[in-house]
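# Sequence and predicted structure below; questions after.
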Amino acid sequence: MRLVIIGGGILGTAHAWAAIARGHEVVHLEREREARGATVRNFGLVWVSGRSANELALTLRSRELWEEIGGRVAGVGFRPAGSITLVRTPAELAVAEAAAAGDSADARGFTLLDPDQVRAINPAVRGKYLAGLHCSTDAAVESRQALPALRAHMAASGRYTFHEGTEARAVLDTGSGAVVVDDHGRRHEADLVIHCPGAAHSGLTRELAGELPVRRVRLQMMQTAPLGEPLTTAIADGDSFRYYPGFAGPQVDSLAAEQSQTATAAEHKMQLLCVQRLHGGLTIGDTHEYIEPFAFDVDEAPYDHLTEVTEELLGRKLPPIVRRWAGVYSQSVDPGVVVTRVRADTNVWVVTGPGGRGMTLGPAIGEQTADQIGL
């Protein structure tokens, strides 16, 4: 079977990977020279710890697939580093204790650690905290290099062609297949077309599928110079409990009622996530903004907050900040829907809306789509 996949981000690439793995041929179109959206403006985290119960099995499957991919494609930079959520107050500690004793604790790899145990696993965390919730199943990939590495591996099959700087202008279902017309005037014939537009909900996406039940979310993040020592796990702060559905319960309700976020963290709906890149620098974030139109510039106050929290947990000054950026991702409006998948025509599908989980869930979403459409 021949597929045309529109969109070179993580979802488009994951669908191409699933199709190639099943022996099909893929023509892949990306309007930029390289994916520049949420796929590369993220932490590269494969984040099991906070996923809701209804998506835990899919997340664990995706974690398994990433490990398999990492074993075959070294360039994706997969590492099973795990994470530690560092708690600083009794209310946060109550959430961590409940998570470590919960029904899914073993599946997620949760262990509650005292400060000495935290430092034994991650010696760089020398700051102020009461305990750490260790998640051994969390992992990381290098988001800026993973997709080129995956494409190079697929190209070696002889069944994968990537067209950069190519925008799909029209998709025509022929009944027995489909044709994609690009902005170079070329026609790409296919048995199936899968459109993975990311946060581009207008234009071709709207023409194919109408108004989708998705929204856009904006975030701010930053990157430091090399830390000068290993940060052996990703780290998070207790505010992350507020934003991940896997921690929902009476302890989180009490946390929200008893402990306010700082004014900046509350205004920007913030949590701390921090992961070390292979070059030694730290990727740190993030904020959440849901109401459009989004600003075109970035606010400095969230960066000050993230710096303060990270330095408190590490017990040291951060290296210089070398990059700051904002990004926008697509999120299904229904929190119980992992991804919005719409059959736009007989041989045309639109897939978007993983909501900040694209890097985590990409391989499993691609596999799930392949199963659903009979590849």
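That came in fine, so what should we check first? Numbering: from 1, shown residues only.
# CA atoms for contacts and neighbours, from now on please.
OK.
# where exactly do the helices run in the stretch 101-250 of the chain?
When assigned using DSSP state H, counting those that start in this stretch, the helices of the stretch 101-250 of the chain occupy the ranges 105-108, 115-121, 143-155, 204-209, 250-258.
# what about those, which gets the closest to Ala18?
Minimum separation from Ala18 across the helices of the stretch 101-250 of the chain (Cα to Cα) falls at helix 143-155, 10.3 Å.
# I'd like to check what contacts the closest one. Which residues are they?
If you take Cα atoms under 8 Å, 6 or more residues apart in numbering as the criterion, helix 143-155 is touched by 9-10, 13, 17, 20, 39-44, 73-77, 160-162, 359.
# Quick one: buried ones out of these?
9-10, 13, 17, 20, 39-44, 73, 75-77, 160-162, 359 (16 or more other Cα atoms under 10 Å).
# how near is Ile373 to Gly356?
24 Å (Cα to Cα, to the nearest Å).
# which of these two has more neighbours?
Gly356 (18 against 11; other Cα atoms under 10 Å).
# Return the per-residue confidence for that one.
On pLDDT, Gly356 comes in at 90.
# Would you agree it falls within a strand?
No: counting by DSSP: H, G, I helix; E, B strand; the rest coil, Gly356 is not part of a strand but coil.
# show me what contacts it?
Contacts of Gly356 (Cα under 8 Å, 6+ apart): 38, 329-331.
# related to what we said a few turns ago, list just the one of the helices of the stretch 101-250 of the chain that sits closest to Glu300.
helix 143-155 (24.1 Å).
# Output that closest one in CSV with nothing but the alpha carbons.
Extracted in CSV, the C-alpha atoms of helix 143-155 (Å, rounded to 0.1, in the frame of the first residue of the first chain):
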residue,chain,number,x,y,z
SER,A,143,13.4,16.1,20.4
ARG,A,144,15.6,18.2,18.0
GLN,A,145,17.4,15.2,16.5
ALA,A,146,14.9,12.4,16.8
LEU,A,147,12.9,13.1,13.7
PRO,A,148,15.9,13.4,11.3
ALA,A,149,17.3,10.2,12.7
LEU,A,150,14.0,8.4,12.2
ARG,A,151,13.6,9.7,8.6
ALA,A,152,17.2,8.6,7.7
HIS,A,153,16.4,5.1,9.1
MET,A,154,13.1,4.9,7.1
ALA,A,155,14.8,6.1,3.9
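# quick one: buried residues of it?
Quick answer for helix 143-155 (16+ other Cα under 10 Å): 143-144, 146-151, 153-154.
# again with stretch 219-228
Buried residues in stretch 219-228 (16+ other Cα under 10 Å): 219-227.
# so how far is the first residue of that stretch from its last?
Using Cα to Cα, the two ends of stretch 219-228 sit 27 Å apart.
# so Thr352 touches Cys196, yeah?
Yes: the criterion here is Cα atoms under 8 Å, and Thr352 meets it with Cys196 at 5.8 Å.
# Mind listing the shared neighbours of those two?
With Cα under 8 Å, 6+ apart, Thr352 and Cys196 have common neighbours Leu11.
# Those two: which is more packed in?
Of the pair Thr352 and Cys196, Thr352 is the one with more neighbours under other Cα under 10 Å, namely 28 against 24.
# Need the per-residue pLDDT for the more buried one.
At Thr352, pLDDT is 98.
# residues contacting it?
Thr352 sits next to 11, 196-199, 330-332, 339-341 when contact means Cα under 8 Å, 6+ apart.
# Select only the buried ones of those in ChimeraX?
Restricted to buried positions by 16+ other Cα under 10 Å, the ChimeraX selection for the contacts of Thr352 reads:
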select :11,196,197,198,199,330,331,332,339,340,341
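# Format the contacts of Thr352 as JSON lines; extra columns: distance to Cys135 and pLDDT.
Converted to JSON lines, the contacts of Thr352 look like this (distance: Cα to Cα, whole Å; pLDDT from 0 to 100):
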{"residue": "Leu11", "distance to Cys135": "25", "pLDDT": "98"}
{"residue": "Cys196", "distance to Cys135": "31", "pLDDT": "98"}
{"residue": "Pro197", "distance to Cys135": "32", "pLDDT": "97"}
{"residue": "Gly198", "distance to Cys135": "29", "pLDDT": "96"}
{"residue": "Ala199", "distance to Cys135": "30", "pLDDT": "96"}
{"residue": "Ser330", "distance to Cys135": "26", "pLDDT": "97"}
{"residue": "Gln331", "distance to Cys135": "25", "pLDDT": "97"}
{"residue": "Ser332", "distance to Cys135": "26", "pLDDT": "97"}
{"residue": "Val339", "distance to Cys135": "24", "pLDDT": "97"}
{"residue": "Thr340", "distance to Cys135": "28", "pLDDT": "97"}
{"residue": "Arg341", "distance to Cys135": "30", "pLDDT": "97"}
